[in-house]
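J.: Just to be clear, the model below is a prediction. Sequence and coordinates:
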Amino acid sequence: MPDGRVAWVDIATGEATVRRRSRQYAARLADVEPSARHVGARVHFDIRREEGTEAAVDVRLLSGTHSGRHHHDFGTLAGAHRPDTKGPAPFAHPHPEYGRALAGHPLQVAGAWARRVAAGDIDEAFALYAPNARVHLDGDSLRGRHIRSRLEALPVFATGQAATVHGEDGTAVARWAAQSAKEPALEARTRVEHGLITQQWIGPTGLQMATSTLPTGSGEVTFISQTHGAVSAEAVEYARQRIGSLVKRIEDEPLLFARLKLSMAPDPARPRRAIAQASLDVNGQVLRAHVAAHEMHEAVDLLHQRLADKIEHRAQHIDALRRHTPGAHAPGEWRHGDLPTDRPDYFDRPVAERRLVRHKAFVVSKMSTEEAAFDMEQLDYDFYLFRDALSGEDSVLERDDGGLRIQHLHPAGSMPASYPPDVTVNNRTAPRLTVDDAIEHLDESGERFVFFASEQTGRGNVLYRRYDGHYGLITLE
């Protein structure tokens, strides 16, 4: 992040110029911090290449410098626009008291904010917000000093109640359990950039899960309903009835499970806040639907129609396949009605041609299962190798039938019981292998990856099949 000076500002056109030595970079005024929007301000900035030209973005006032025309005393607050101008931005850099992870990981920042609110430390909690942060609370969109006053009015403020923190839908969620019927559960969904809170939604607790059964043509099936946000019980029951009328049409094949998720976005400015999602596992084939609408009943009706279309299309496709009686085909020949070609996630390269072409080694600190799941979701990985904070073991987290499964390198007799409800524990001990042995095991098993203890270091390793059919190796050091 280079340093420079603001050379030119035009409020009317919304444009600015930042100079670094002999070079100048164009900038949009929206990318310049308000306190730095004057000629001569010393700033930090990032450089982004757009359409062959370099532009200055994320332009921020250099810490401890002049913040306005009347701020003449360098290093003091005399004439400063804001009292927090002097010194480094809180939590923008590593703090020894919290560890280096707080500067970068959203879950750590959200957890620190939740602890400060519960402890009644309003100054430390407010310091975790970015200057342009926006908080959505009780239908209001708050900025600046208005955030501070509303934080003190939260029911969990200065109660000392601990919050659980996890990642969900790209945000960090801090959740407090309900203490009484008059004080319902509360959650804060937080977006973090550069170690500071940029946007936050505070309101009633989000994800609620209930399990029931639905009657089908082949018997009863487990029905899991999840709600998030301000979703009424009447809307859930309405959705259950609509889904139930659909599954009764499935008679010839078994329905293995049905899952429903209804969400009401907290942002009132969002045009279609009601989101409905459903998954039906029909004899091993999952039918999914995802819709959005202005209100929840409308979303449920759209979801019903979308699933009905999928069920009808699937029935027509199966009926067409049953009527089709193809003769002998030559290799590589295709006829109308044939099943589509099975395309695996990776090229099925012959064993003799496979090579270990990628080796990635990481030095990691302990992290929670929620943090590992958050990172795995953001990176869109099928598995994630990390060191579990609960067990202290090298572990691998993987996707498993809509949930998550964790396996430890050396599972103990009684593992910790505080994992999230959607995480199952695989108690199988990871084998101790050399890399050559792991390659042989992967070839014989046909699995996507193998988790093992290195014969040389004893640390957890993962050998996996790459998209090109070769092998990749991930190790912890």
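T.: Received, thanks.

J.: so Ala315 is in which element?
T.: In this assignment (DSSP states H and E), Ala315 forms part of helix 296-323.

J.: can you give me how far that helix is from the chain middle?
T.: 30 Å (CA atoms, centre = their mean, to the nearest Å).

J.: helices and strands around the helix or strand just after it, which ones?
T.: Following helix 296-323 in sequence order, the next helix or strand is strand 356-362 (DSSP H and E). If contacts are counted by 3 or more CB pairs under 8 Å, 6 or more residues apart in numbering; DSSP states H and E, strand 356-362 sits against strand 471-476. Backbone N, C-alpha and C define where each C-beta goes, glycine included.

J.: residues in contact with the strand it packs on?
T.: 354-364, 385, 387, 394, 435, 439, 442, 454, 457, 459-466 (CB atoms under 8 Å, 6 or more residues apart in numbering).

J.: Stretch 19-27 now?
T.: Here stretch 19-27 makes contact (CB under 8 Å, 6+ apart) with 2-7, 15-18, 45, 47, 53-57, 59.

J.: Strands - which of the residues you listed land there?
T.: Using DSSP state E to define strands, the subset of these located there is 3-7, 15-18, 45, 47, 53-57, 59.

J.: Now, of the contacts of strand 471-476, which are buried?
T.: 354, 385, 387, 394, 435, 439, 442, 454, 460-466 (16 or more other CB atoms under 10 Å).

J.: Now the two most distant members of the residues you listed.
T.: The largest separation in the buried ones among the contacts of strand 471-476, counting by CB to CB, is between Arg354 and Arg387 at 29.1 Å.

J.: Given the helix or strand of the chain with the lowest mean pLDDT, what are its sheet partners and their directions?
T.: For the chain, using mean pLDDT, DSSP states H and E, the weakest element among its helices and strands is strand 208-216, scoring a mean of 75. Paired strands of strand 208-216, with direction, are strand 219-228 (antiparallel) (DSSP bridges).

J.: any idea which helix or strand comes after the partner strand?
T.: Later in the chain than strand 219-228, the nearest helix or strand by DSSP H and E is helix 233-247.

J.: strands paired with the next helix or strand along the chain from that next one, and their directions?
T.: Next along the chain after helix 233-247, taking DSSP H and E as the criterion, comes strand 255-264. When sheet partners are counted by DSSP bridges, strand 255-264 sits next to strand 219-228 (parallel), strand 274-282 (antiparallel).

J.: between the shortest one and helix 233-247, how big is the angle?
T.: Here strand 274-282 points in a direction 30 degrees away from that of helix 233-247 (axes from the mean of the first three to the mean of the last three CA atoms, to 10 degrees).

J.: Now the element after strand 274-282, going C-ward?
T.: The C-terminal neighbour of strand 274-282 among helices and strands, as given by DSSP H and E, is strand 285-293.

J.: contacting residues around that following strand?
T.: For strand 285-293, contacts defined as CB under 8 Å, 6+ apart pick out 272-281, 299, 302-303, 306-307, 310-311, 314.

J.: for it, which positions count as buried?
T.: For strand 285-293, using 16+ other CB under 10 Å, the buried residues are 287, 289, 291-293.

J.: swap in stretch 426-446?
T.: Residues 426, 430, 433, 435, 438-439, 442 are the ones in stretch 426-446 that count as buried (16+ other CB under 10 Å).

J.: Stretch 138-145 too?
T.: Leu142.

J.: Please look at Arg405 and Ser395 and confirm they touch.
T.: No: using CB atoms under 8 Å, Arg405 makes no contact with Ser395, being 10.5 Å away.

J.: what about these two, which has more around it?
T.: Ser395 (27 against 16; other CB atoms under 10 Å).

J.: name the element the more buried one belongs to?
T.: Applying DSSP H and E, one finds Ser395 within strand 394-400.

J.: Rounded mean pLDDT for whichever helix or strand comes after that strand, please.
T.: Going down the chain from strand 394-400, the next helix or strand is strand 403-408, by DSSP H and E. What strand 403-408 shows for mean pLDDT is 87.

J.: go on, stretch 265-273?
T.: 72.

J.: And that stretch, end to end?
T.: In stretch 265-273, first residue to last residue: 5 Å (CA to CA, to the nearest Å).

J.: now swap in stretch 383-398 and tell me
T.: Terminal residues of stretch 383-398 are spaced 4 Å apart (CA to CA).

J.: Run through who's touching that stretch.
T.: Applying CB under 8 Å, 6+ apart, the external contacts of stretch 383-398 come out as 362, 364-369, 372-373, 375-376, 382, 399, 404-412, 415-416, 418-419, 423, 448-449, 451, 453, 459-462, 464, 474, 476.

J.: Selecting buried members of the residues you listed in ChimeraX, what would you type?
T.: Entered in ChimeraX, the line below selects the buried ones among those, by 16+ other CB under 10 Å:
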select :367,368,369,372,373,375,376,404,405,406,407,408,409,411,415,419,423,449,451,453,460,461,462,464,474,476
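
J.: taking the contacts of stretch 383-398 one by one, which sit in helices?
T.: Of these, the ones assigned to helices by DSSP state H are 369, 372-373, 375-376.

J.: I'd like these as a markdown table, with distance to His228 appended.
T.: Shown next, in a markdown table, are the ones in helices among the contacts of stretch 383-398 (distance: CB to CB, whole Å):
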| residue | distance to His228 |
| --- | --- |
| Thr369 | 20 |
| Ala372 | 22 |
| Ala373 | 17 |
| Asp375 | 21 |
| Met376 | 20 |
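
J.: nearest to Ser212, of those?
T.: Minimum distance to Ser212 across these is 26.2 Å, recorded for Ala373 (CB to CB).

J.: if I pick that closest one, what's in contact with it?
T.: Counting by CB under 8 Å, 6+ apart, Ala373 makes contact with 166-167, 384, 397, 404, 420, 423.

J.: contacts for stretch 447-461?
T.: With contacts defined as CB under 8 Å, 6+ apart, stretch 447-461 is touched by 345, 382-383, 385, 387, 393-396, 407, 409-410, 430-435, 437-438, 441-442, 462-465, 473-477.

J.: Sorry, wrong one. I was asking about stretch 3-15.
T.: Stretch 3-15 is contacted from outside by 16-21, 24-30, 32, 36-45, 56, 59, 62, using CB under 8 Å, 6+ apart.
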